[in-house]
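[1] next one to model:
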Amino acid sequence: MCLGIPGRIESIDNEDALARSGTVRFGGVGKTVNLAYVPEAEAGDYVIVHVGFAISVIDAEEAEKTLAMIEEMEGLADLEEASPGESS
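    Numbers count the residues shown, from 1 in each chain. As a prediction, this is how the structure comes out:
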């Protein structure tokens, strides 16, 4: 099973075709990501990132929906960690 996370490209740091990379922000965290597979991507675009590689460009609305679902799942995980009878 693969897990790709949407992130927003903040900057493109290297334009070399095979080593194209940039900073992608996932919520409050910025990571360096290889952008070679998405040569059409520009700063401000949303991309799906898997193991450090951007694998596709997606529209902002779809990215925001996915990020909201991930945040919701994190909230559910917090509820599952609470002991029975413990309020959150």
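[2] distance of Ser11 from Leu35?
    For Ser11, the distance to Leu35 equals 11 Å [C-beta to C-beta, to the nearest Å]. The way it works is simple: take the backbone N, C-alpha and C, and place the C-beta from them, glycine included.
[3] which neighbours do those two have in common?
    Listed as contacting both Ser11 and Leu35 by C-beta atoms under 8 Å, 6 or more residues apart in numbering are Gly22.
[4] who's more crowded, the two?
    Leu35 (26 against 13; other C-beta atoms under 10 Å).
[5] which non-adjacent residue is nearest that one?
    Arg20 (4.4 Å; C-beta to C-beta, 6 or more residues apart in numbering).
[6] confidence-wise, which helix or strand of this structure is lowest on average?
    One helix or strand of the chain scores below all others by mean pLDDT, DSSP states H and E: helix 60-81, with a mean of 81.
[7] run the chain-centre distance for that one.
    12 Å (C-alpha atoms, centre = their mean, to the nearest Å).
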